[in-house]
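> Sequence plus the predicted model coming up.
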Amino acid sequence: MKKFDKDRLILGFAGPVLALVVAVVLTTVVLLVSGSDPFEPYRIMFESASYVDVQVLIVNQAGTYYLAALAVAVGFRMNLFNIGVDGQYRLAAMMAALVGASVDLPGPLQIALIVIVAMLVGAFWSGIAGILKTTRGVSEVVSTIMLNSIATSLVAWLILPKNFGVQPAGSNNLTTGEIPESGWFPGLSMGAEAGEIYGFTFVAAACGLIYWFVLGRTRFGFDLRATGASETAAQASGVDAKKMILTSMLISGAVAGLAGMPTLLGDTHTYSLDFPTGIGFTGITIALLGRNNPLGIAFSALLIAFLDKASASLDQYGYEKEIATIMQGLIVISVVVSYELVRRYGIRRQQQKVGAELAAGGALTTEARPQNDQTEKEGAAL
Amino acid sequence: MKILYGMQKPDEGTITVDGAEAAFTSPADAIARGIGMVHQHFMLADNFTVLENVVLGGESLYGIGAKARKKIKEISDAYGLGVRPDALVEDLGVADRQRVEILKVLYRGARILILDEPTAVLVPQEVEALFDNLRELKAEGLTVIFISHKLGEVLSVADDITVIRRGTTVGTADPAHTTTKQLAELMVGSELPSPETRESTVTDIPMLTVDGLRLTATDPDGAVREVLDGITFTIHQGEVLGIAGVEGNGQTELIEALMGLRDPDGGVITLDTADISHAPTRKRREDGIGYIPEDRHRHGLLLEAPLWENRILGHVTEKPNSRGGLLDLKAARADTTRIVREYDVRTPGIEVTAASLSGGNQQKLIVGREMSHSPKLLIAAHPTRGVDVGAQAQIWDQIREARRDGLAVLLVSADLDELIGLSDTLRVMYRGRLVADADPATITPEELGSAMTGAATGHLEAEPEPTAEAPLAAAAPPEDDAR
């Protein structure tokens, strides 16, 4: 019993470790080929990450990534590939910023309103893909990619000054106007130099806990996981597949909506043209690397955030900071390959193990069936 | 078997092929040594033609074009397989698919064929045809290893018999001087379990009433086809209703309609006085329908999930698996241990994945799970397919025991002995209709087999019995008394 658990743990780690090692090796090869020093960039990045202000940046970035990755992971757990997290996130952040800037409620209420609007908008946007899939059988991959494009255009149009946008004096940027201070989420100060950790980062961590609890401990979570593991078996077990698809799409979108909140409530307090994009896609990488496991996703989010933020200093030393981007890309490929390898190895290994244990008489059953004893006699009779 | 085919490595011992010792590390090695395997679960791509399926993975042998086609024709003619290279596999019946599997193996140059329970899915007439093919192969100098638990078949087709039980050879026998009974004793260490049901427990309280059930399906080309039409029957408490039929005649669809996986286009399904014609699957399960699916890998298990999660599957809303909306992992685990013990599931623990159990043990787990919720109606589709003899006997026992306690059972099976032995009433399904009924006490597998091909209809007996078409006059109790 214990042995199997330990095995699973080791195998669980084997995938990501293998992927990271392969990605590092490949990145080193890329560095060598491009004629750079293959080790110096790593040293620079680690050194840069030893400063508290960079660490704060990493943690803040990781919070955003974590939420985006959770949104993707909810879909993954039931075999839905929500590529549209990015569009859901941007549209949600923008609408939430708009509502936040036009209303002025007392503190917590203002924040709650903004957060709820973000979740609703995110869920609405992913829900379109969900409804298309359940009613017309449209692949969620295709529809969410398209919805990403539509979201881009929609955001660009809504933010025009003639619609809802505001152009700050002396700037080319467009914003949605500033959210009143009651809607700013208080952060955790790490000292004057270092800046502060967004308060919403802790909400993100709480979301991870909720994710773990709902998936692992509730009926709904069981149905969702069962559908992901085998849609046919889940249906036969009584899961309404269509309802499940729609529900998980809505949840995924709502969480995607949350992904914009750390930045919006903790830093910018407005949605502008330079609001970060591509978070949803990074979320896919992170969810993959973290094996859809809340803790795994947390580590992956930190890792990717580290690559992002620590690579900024590479420029000063004459290295391209795109090294980090290359590495992220390589991680994605290695992750997919190595997980499949490890998975197959694990299944085979366990089958052999079970066979071996049974042969050794390790079955749980204690009572031997009476006819067993006669084996030898009968065998000799013929 | 897996070792012979290179899927697993032996710890000890040697394999000798043609006088030379062989060690296999993969199926490719085995194929290279001329060993080919026909699996119990067919490994064919349905949307490919026969030709494409045969060359798949063996493209380097004869290419994928005219040469391959010629070779296929050649093999097919040489052994009388009668395979059409351009037919789509999805259009083929089970027996034809099996011949494609055999051809696939021969195409790769196999001189030794391993057949794993090849007759499990065939009707008696098809079994005969298969045996003719095998004799043909034998005459051409090929070696056939025929794995089966149907003793009569083994005796009729084999030249030499080896009995294996729980991983050891327990004896060998010469088919010319051995009876089924002796072989059975060798196999299970006691008398062969028989599906025979001794006394009737049929009551007159209807548990499941199906009236005029109709289901249509739309083909890929847009044509609407009736898969089920005018299905009417009643199963009473303590009654086993067996449905015989060649696979693909609507049995799967009937079960799916009863389980709520397909919405019927007409007719009424009544479970214990409640109309459940359009109720969702979960509701039906909660109301007391137990389900042993035809394909346990697709419909009965989460293969990569541990046993205790598989114990929850299908009963997530019921005790002991959950309380309120929350799972009760502790109780579910404890109950899994109980099922493993009581239903003799051989496993080192409940944390292993379902995929690592043998077919028989997977099935015992499913039976245990379904029986643990004291169902009113059990829908059992091929409950002992691909299951070893020991497990088979246990599963039969469990069905019989539950039947004594008033369980109603709908039994769909391709194993005619099982159908005849377990059922209180038999109906034959052909092209989506119930075309004939029979008394299991008097019918023979051959008679049933001919009705399954549509050759006979109505009541399969001379006496004018009421044919049980009317829902309430069903199941003819007098027949049961006669047994």
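Thanks, I have the structure now.

> where in chain B is pLDDT low?
Along chain B, segments meeting pLDDT under 70 span B:1-2, B:8, B:120-121, B:149, B:165-167, B:184, B:187-199, B:219-222, B:455, B:460-483.

> isn't residue A:232 right next to residue B:299, touching?
Yes: if you go by CB atoms under 8 Å, residue A:232 and residue B:299 touch, sitting 5.5 Å apart. All C-beta spots, glycine's among them, are computed from the backbone N, C-alpha and C.

> Which other helices and strands does whichever strand or helix holds residue A:254 contact?
Assigned by DSSP states H and E, residue A:254 belongs to helix A:241-258. Using 3 or more CB pairs under 8 Å, 6 or more residues apart in numbering or on different chains; DSSP states H and E as the contact test, the elements touching helix A:241-258 are helix A:52-76, helix A:85-102, helix A:107-131, helix A:200-217, helix A:219-229, helix A:231-236.

> one more time with 10 Å, if that's ok
Using 3 or more CB pairs under 10 Å, 6 or more residues apart in numbering or on different chains; DSSP states H and E, the elements in contact with helix A:241-258 are helix A:52-76, helix A:85-102, helix A:107-131, helix A:140-158, helix A:200-217, helix A:219-229, helix A:231-236, helix A:279-289.

> Could you look up the SS state of the residue in chain A that chain B sits nearest to?
Going by CB to the nearest CB, chain B is nearest to residue A:238 of chain A, at 3.1 Å. Recorded secondary structure, residue A:238: coil (DSSP: H, G, I helix; E, B strand; the rest coil).

> ok, it - contacts?
Residue A:238 is in contact with A:223, A:226, B:259-261, B:280-286, B:289, B:291, B:313-317, counting by CB atoms under 10 Å, 6 or more residues apart in numbering or on different chains.

> can you check residue A:136 too?
residue A:143.

> switch the cut-off to 6 Å
Contact analysis of residue A:136 by CB atoms under 6 Å, 6 or more residues apart in numbering or on different chains lists nothing.

> so the helix holding residue A:254 versus helix A:219-229, what angle?
Angle, helix A:241-258 to helix A:219-229, by axes from the mean of the first three to the mean of the last three CA atoms, to 10 degrees: 100 degrees.

> For helix A:241-258, list every residue counted as buried.
By neighbour count with 16 or more other CB atoms under 10 Å in any protein chain shown, helix A:241-258 contains the buried residues A:241, A:244-258.

> Report the mean per-residue pLDDT for that helix.
Helix A:241-258 carries an average pLDDT of 92.

> and the stretch 201-350 of chain A, which residues reach chain B?
Proximity of the stretch 201-350 of chain A to chain B (CB under 6 Å from any CB of the partner chain) is limited to residues A:217-219, A:222, A:226, A:229-230, A:232-233, A:236-238, A:350.

> Could you rerun that using 10 Å?
A:213-214, A:216-223, A:225-241, A:243, A:343, A:346-350 (CB under 10 Å from any CB of the partner chain).

> Narrow the residues you listed to just the buried residues.
Using 16+ other CB under 10 Å, the buried ones in those are A:214, A:217-223, A:225-241, A:346-347, A:350.

> Quick one: residues contacting the residue lying closest to residue A:114 once chain neighbours are set aside.
Nearest in space to residue A:114, with sequence neighbours left out and distances taken as CB to CB, 6 or more residues apart in numbering or on different chains, is residue A:100 at 4.3 Å. Counting by CB under 10 Å, 6+ apart, residue A:100 touches A:110-111, A:113-115, A:117-118, A:176-180, A:182-184, A:264-265, A:269-271.

> ok, 8 Å please
A:110, A:113-114, A:117, A:179-180, A:183, A:264 (CB atoms under 8 Å, 6 or more residues apart in numbering or on different chains).

> which helices and strands sit right next to the longest helix along chain A?
Longest helix of chain A, by residue count under DSSP state H: helix A:322-359. The contact analysis (3+ CB pairs under 8 Å, 6+ apart) places helix A:322-359 against helix A:2-33, helix A:279-289, helix A:294-310.

> can you give me the angle the shortest one makes with helix A:241-258?
It stands for helix A:279-289. Using the same axes, to 10 degrees: helix A:279-289 against helix A:241-258 is 120 degrees.

> ok and the residue in the stretch 251-400 of chain B nearest chain A?
residue B:282 (3.1 Å).

> Read off the pLDDT value for the spatially closest residue to that residue that is not a sequence neighbour.
Counting by CB to CB, 6+ apart, residue A:238 is the residue found nearest to residue B:282 once chain neighbours are left out, at 3.1 Å. As predicted, residue A:238 sits at a pLDDT of 87.

> returning to that earlier point: mind checking how far the residue of the stretch 251-400 of chain B closest to chain A is from residue B:307?
Taking CB to CB, to the nearest Å as the measure, residue B:282 falls 22 Å from residue B:307.

> Enumerate every residue touching residue B:440.
Contacts of residue B:440 (CB under 8 Å, 6+ apart): B:242, B:419-421, B:423-426.

> Pull the number of nearby residues for residue A:260.
32 (other CB atoms under 10 Å in any protein chain shown).

> Residue A:92 is in contact with that one, correct?
Yes: Residue A:260 is within contact range of residue A:92, at 5.9 Å (criterion: CB under 8 Å).

> Identify the contacts common to those two.
residue A:118.

> So for residue B:282 and residue B:307, which residue has more residues nearby?
residue B:307 (27 against 18).

> Secondary structure class of the nearest residue to the more buried one once chain neighbours are set aside, three-state.
Of all residues not flanking residue B:307 in the chain, residue B:350 sits nearest, at 4.4 Å (CB to CB, 6+ apart). Applying three-state DSSP to residue B:350 yields a three-state assignment of coil.

> quick one, what contacts residue B:350?
Residue B:350 neighbours (CB under 8 Å, 6+ apart): A:364, B:306-308, B:311, B:333, B:336-337, B:340.
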